[in-house]
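1. Let's see this in three dimensions:
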Amino acid sequence: MSYMTANKGGSASSGSETAETPILCESCLGPNPFITMTKQSYGKECKICDRPFTVFRWKPGQGSRFKKTEICTTCATIKNVCQTCVLDLQYGLPVQVRDSALGLKSQMPTSDINKQYYVNNQEARIADSAASGSQILSAIGPATSAGHDMLKQLARNRSGGPNYNRNKPHLCSFYAKGECKRGDACPFRHELPVQNNLSNQNIKDRFHGRNDPVAKKMLSSAASDAGLTPPDDREVTSLFLSSLPEGITDAEIRTWFVSNVSTLEPHQIKSITLVATSKCAFVNFRTRHAAEEAALRCSAKMELGGQQIRVAWGRSRPKKAGTAGAGAGATVSAATTAKEV
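-> Here you go, the predicted structure:
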């Protein structure tokens, strides 16, 4: 459940935004149906578009910390995310997980001038759509996408409902140093911080769906369940496709990967070797990172010509004794064998 803005003010060219209600997920809103929420117009700059916006602040429930909106309603609507946790409103998952499953690519520019121009245009579109009563934005792709099945499964596995643990107080830095003297009166949690891959997170990466450690962990788990765990050999940079429909071309395969893998650019596909008689193909990537990103997307199902494709990692043949091993496994061709799913 989300709470959408009922009334917005400020023009697109004003460089600021006002709102009457925030866009929040159930977890951030909290279990208490009666909460007091403060509102401060132009109280802070949006952490994505840098425009002043209306900041809402509230306490989700007893024992929780005060929370506030971090991004403006326009940016939240563009990505269909919560203004506070910046997670997808429909599935409660990171943007990078959603975009990888649905093959969506971020269209927001990163430079200041282009970013402001883009956000202002989107704000005007949102206002026009609201005035006409039509759908504001289709930020999460077509309803028939195979990636929705993966997202539903991940949403069920992650939690059976709202995760109110995200509203707990922050850790007490004085307790970590052994200097906190407030005891039970301390409003912060007396727990030692855990340093791991999930410790370094920021809102901009989460919003744009890039370098998100939480998303990477979830996608790696999904890839493992689908039999697409990356091999230990870092020289393997190809994927093996089988059960291809008749008449498929390498151009169609290339187009699918470029269109559906959000982080993949056309030049990152080195070559495609299609074996029509066996209805299989090898997709060779220029870097291991590009191959891993493609494998993560394929874990959500790959469909070509209305037919589901089996995907596995390729692997080089064992090196023969006495041959020079330099570059032997770097390029995978039609002679490459494949790991069975």
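2. and the gap between the residue nearest the centre of the chain and Ala130?
-> Central residue of the chain (Cα atoms, centre = their mean): Gln96, 1.1 Å from the mean position. Noted for Gln96: a distance of 28 Å to Ala130, by Cβ to Cβ, to the nearest Å. Every residue, glycine included, has its C-beta placed from N, CA and C.
3. In this structure Asn167 contacts Glu26, no?
-> No. Asn167 lies out of contact with Glu26 (Cβ atoms under 8 Å); the separation is 11.1 Å.
4. Please identify which of those two sits among more neighbours.
-> Taking other Cβ atoms under 10 Å, Asn167 and Glu26 do not tie; Asn167 has more neighbours (22 against 18).
5. Now do the contacts for that one.
-> Residues in contact with Asn167 (Cβ atoms under 8 Å, 6 or more residues apart in numbering) are 27-28, 30, 60-61, 64-65, 67.
6. any weak-confidence spans in this protein?
-> In the predicted model of the chain, residues 1-14, 132-146, 158-160, 316-341 satisfy pLDDT under 70.
7. just the helices in it please.
-> Remark: helices assigned in the chain by DSSP state H are 26-29, 73-79, 95-102, 112-132, 147-158, 173-177, 203-208, 213-225, 250-260, 288-298.
8. is it possible to export the contacts of Asn167 to a markdown table including neighbour count?
-> Formatted as a markdown table, these follow (neighbours: other Cβ atoms under 10 Å):
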| residue | neighbour count |
| --- | --- |
| Ser27 | 21 |
| Cys28 | 26 |
| Gly30 | 20 |
| Pro60 | 24 |
| Gly61 | 13 |
| Ser64 | 18 |
| Arg65 | 14 |
| Lys67 | 20 |
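9. from those, which is closest to Tyr42?
-> Comparing these against Tyr42 with Cβ to Cβ places Lys67 closest, at 19.3 Å.
10. thinking again about what came up before, figure out which of the helices of the chain is closest to Ala276.
-> Closest approach to Ala276 among the helices of the chain (Cβ to Cβ): helix 250-260, 9.9 Å.
11. quick one, that closest one and helix 288-298 angle?
-> When axes from the mean of the first three to the mean of the last three Cα atoms, to 10 degrees is applied, the directions of helix 250-260 and helix 288-298 differ by 90 degrees.
12. Which of the residues in helix 250-260 are classified as buried?
-> For helix 250-260, burial by neighbour count (16 or more other Cβ atoms under 10 Å) applies to 253, 256-258, 260.
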